[in-house]
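[1] coords below, sequence missing:
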Ligand code: S3P
């Protein structure tokens, strides 16, 4: 199997425009909400990555018709009781923590037991964070140590809850909001800041939802058991996928890139704010609102004079999926960068904080770690010449893509394993790398 890539040269200068793959968070939410709407929803530009395709397959298995048309997906919901399997069944979430946690929220009223399974990486991740609040609604769970497989059986006697979400996890917040849709009465949530696509979507669908925000928390109230109508949605580009190309451009020589039609919701743009504080000059142009979300083109240029950052913890949630790639910028910035309280990174597709520290040390960057805080000592003149093999990272798509960016900008000879991991979130990744002028060698054997 050709599942490695070999990179031996830095990327040459480029000046291009690209589109990245569609937003994964919104793609998954659009499928799940369409499955609960009344009528036929049409979703354009749905991300066709493994995480999203597993969500589609599971929703189909739960009884909702999903049809791929030429330009869009058609999803035929029949309201908040759409999931009505006649017998026990098993659904497969693959690598997707988001789908796995959100679907449990929608299964709290499911009449038959549903067994949720996933791949090796997902089977290592903790589900107590959603099992606890969803049990309070009245759903029943069977699991061993809060790991997959998780079996859920719903109840006819759902009761609303008051929930305090303290991790800053949009998955937990959204699972509770989904359960609230099914529950009579008013569910109240106080949530540490995290991405707010679910709230925005529900508001667009005219579900009775109230949202208040202060500096650290969002306060949400949802009145349940209100059916909503089907919708049309056009999914924008993903800022998390864009981030690899922002950094690739920033760390290359004399290059410029425009990434078109990207979702720049404030709760996701920590990467832009952090990089600009490090002296990048990333601009957003052509801004427009779409169904409550902010969309724009992003323009980035190479920057030789990057400086270290003392990164405020308030960015931890809006850059949660981007720290791996931000650490590469810190590795090339002048001075020391410090990041704090990043324990949640170790609860992702792989233990990303541990992996990042190992990775940076491997390429000769000094890193001081104290529990969940790290300091990265930048080397503005970094120019590697050794050989690097990157493997055993639980096939984490973002570790693969970050390694490619390091290889293309820091030099050296790289053999990066598990190239297929990009299919989780960003199937177009290597195609775009080629479009920017890189010749990639595929290794014959793993
Ligand atoms: C996501 C929320 C985040 C993020 C994940 C997608 C979502 O996870 O890391 O990639 O779509 O809600 P947490 O909720 O665990 O922080």
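    Looks like it came in fine. Since the model is a prediction, treat every value here as computed from it, not as a measurement.
[2] contacts and neighbour counts: CA atoms only from here.
    Fine.
[3] grab the nearest non-local neighbour of the closest residue to the ligand within the stretch 201-350 of the chain.
    Residue of the stretch 201-350 of the chain nearest the ligand, by Cα to the nearest ligand atom: residue 321 (5.2 Å). Using Cα to Cα, 6 or more residues apart in numbering and skipping residues adjacent in sequence, the residue nearest residue 321 is residue 240, 6.6 Å away.
[4] hmm, residue 92 is touching residue 120, no?
    No - applying Cα atoms under 8 Å, one finds residue 92 not in contact with residue 120, separated by 11.7 Å.
[5] who has more neighbours, those two?
    residue 92 (19 against 14; other Cα atoms under 10 Å).
[6] show me what contacts the more buried one?
    Residues near residue 92 by Cα atoms under 8 Å, 6 or more residues apart in numbering: 54, 58, 116-118.
[7] with those residues in mind, which one is nearest to the ligand?
    Nearest to the ligand out of these is residue 54 (Cα to the nearest ligand atom; 14.6 Å).
[8] so which strand or helix has the closest one?
    helix 50-61 (DSSP states H and E).
[9] hmm, that helix touching the ligand?
    No - using Cα under 6 Å from any ligand atom, helix 50-61 stays clear of the ligand, with a minimum separation of 10.6 Å.
[10] going forward can the numbers begin at 596, since that is how I track them
    Got it, first residue is 596 now, which makes that one helix 645-656.
[11] neighbouring strands - and their directions - for whichever helix or strand comes after that helix?
    Where DSSP H and E defines the elements, the next helix or strand beyond helix 645-656 is strand 660-663. Within its sheet, strand 660-663 is paired with strand 667-673 (antiparallel), according to DSSP bridges.
[12] quick one, the partner strand and helix 645-656 angle?
    Relative orientation of strand 667-673 versus helix 645-656 (axes from the mean of the first three to the mean of the last three Cα atoms, to 10 degrees): 40 degrees.
[13] give the buried residues for strand 667-673.
    By 16 or more other Cα atoms under 10 Å, the buried positions in strand 667-673 come out as 667-673.
[14] relative to residue 873, which of these is nearest.
    Nearest to residue 873 among the buried residues of strand 667-673: residue 667, at 39.7 Å, using Cα to Cα.
[15] is the nearest residue to the closest one once chain neighbours are set aside bridged to anything, and to what?
    Nearest residue to residue 667 in three dimensions, chain neighbours excluded: residue 639, at 4.4 Å (Cα to Cα, 6+ apart). According to DSSP bridges, the residues that bridge with residue 639 are residue 667, residue 829.
[16] isn't residue 639 right up against residue 666?
    Yes - counting by Cα under 8 Å, residue 666 is a contact partner of residue 639 at 6.4 Å.
[17] so these two - more neighbours on which side?
    Legend: neighbour count by other Cα under 10 Å for residue 639 and residue 666, higher for residue 639 (19 against 11).
[18] how close does the more buried one get to residue 892?
    Relative to residue 892, residue 639 is positioned 19 Å away (Cα to Cα, to the nearest Å).
[19] can you list the strands that the helix or strand hosting residue 816 pairs with?
    In this structure, residue 816 is located in strand 812-818 according to DSSP H and E. Partners of strand 812-818 in the sheet, by DSSP bridges, are strand 781-787 (antiparallel), strand 804-808 (antiparallel).
[20] what does the shortest one contact?
    Think strand 804-808. 794, 797-798, 813-818.
[21] got the residues of the protein near the ligand?
    Neighbours of the ligand within the chain, by Cα under 6 Å from any ligand atom: 620, 693, 764-767, 915-916.
[22] let's see if you can find the most crowded of these.
    residue 767 (25 neighbours).
[23] confirm that that residue sits in a strand.
    No - the assignment for residue 767 (DSSP: H, G, I helix; E, B strand; the rest coil) gives helix, which keeps it out of a strand.
[24] excluding sequence neighbours, find me the nearest residue to it.
    Using Cα to Cα, 6+ apart and skipping residues adjacent in sequence, the residue nearest residue 767 is residue 725, 5.7 Å away.
[25] what of residue 963?
    Counting by Cα to Cα, 6+ apart, residue 970 is the residue found nearest to residue 963 once chain neighbours are left out, at 5.1 Å.
[26] remind me which helix or strand that neighbour belongs to.
    Per DSSP H and E: strand 968-972 holds residue 970.
[27] neighbouring contacts of that strand?
    Contacts of strand 968-972 (Cα under 8 Å, 6+ apart): 922, 925-926, 930-937, 960-964.
[28] list the residues that contact residue 936.
    Contacts for residue 936 (Cα under 8 Å, 6+ apart) come out as 908, 967-968.
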